[in-house]
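Chemist: model this:
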Amino acid sequence: MWKEFKNFIMTGNVIDFAIAVIMAGAIGLVVNGFVNDVVMPIVGHFAGGLDFASMKYVLDPAVVGADGKVVTPENAIRYGKWINTIINLFIVGFVMFMIVKAYNKTKKPVEEPAPAGPSDNDLLKEIRDLLKK
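Modeler: Predicted coordinates:
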């Protein structure tokens with residue numbers, strides 16, 4: 001069983017998949033940083049200085065004790081973070097589209113083989129049929 005597992009893990013597809021997952025995680029961090037630190041401040045600037053990440057609807061406000069410590073944390077719907085996630089999705093989708101488009105341009109066009117003429121058997125059958133007539 002151990003040998004089968006080792007053979008499975010060492011196949012190219014599993015290793016390629018592991019590399020893809022690691023790269024996706026790294027790219028996700030880069031895209032999140034780009035969205036949160038570059039795009040969203042620009043969008044917020046054109047939206048009148050609005051910070052989407054701080055947008056929320058408070059269901060229950062935080063309860064603060066007499067000593068200044070939070071007794072019960074705030075319960076809120078943070079829809080601003082969701083807006084950031086949607087913008088992130090569009091950026092990732094656009095970047096992936098551009099990568100695939102560039103990759104497709106680098107590939108050689110697939111030449112379709114010329115249609116084959118009738119086979120020898122077909123020609124012989126046709127001659128036979130003509131001779132019968």
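Chemist: For burial, what's the neighbour tally of residue 35?
Modeler: The tally of other residues near residue 35 (other C-beta atoms under 10 Å) stands at 19. Where you see a C-beta, it was placed from the backbone N, CA and C, and this is true even at glycine.
Chemist: what does residue 11 give?
Modeler: Neighbour tally, residue 11, other C-beta under 10 Å: 10.
Chemist: From the chain's centroid, how far away is the lowest-mean-pLDDT helix or strand in the chain?
Modeler: Lowest on mean pLDDT, DSSP states H and E among the helices and strands of the chain sits helix 2-9, with a mean of 78. Its chain's C-alpha centre and that of helix 2-9 lie 30 Å apart, by C-alpha atoms, centre = their mean, to the nearest Å.
Chemist: for stretch 1-12, same thing?
Modeler: The chain centroid and the centroid of stretch 1-12 are separated by 28 Å under C-alpha atoms, centre = their mean.
Chemist: what's the answer for stretch 100-110, then?
Modeler: Centre to centre, stretch against its chain (C-alpha atoms, centre = their mean), the figure for stretch 100-110 is 19 Å.
Chemist: Can I get it in CSV, CA atoms only?
Modeler: Extracted C-alpha coordinates of stretch 100-110, given in CSV (Å, rounded to 0.1, in the frame of the first residue of the first chain):
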residue,chain,number,x,y,z
VAL,A,100,-4.9,32.5,-21.6
LYS,A,101,-5.3,34.9,-24.6
ALA,A,102,-1.5,35.5,-24.7
TYR,A,103,-0.9,31.8,-24.3
ASN,A,104,-3.2,30.9,-27.2
LYS,A,105,-1.4,33.4,-29.4
THR,A,106,1.9,31.6,-28.8
LYS,A,107,0.6,28.2,-29.8
LYS,A,108,1.0,27.2,-33.4
PRO,A,109,-2.2,26.9,-35.3
VAL,A,110,-3.3,23.3,-35.7
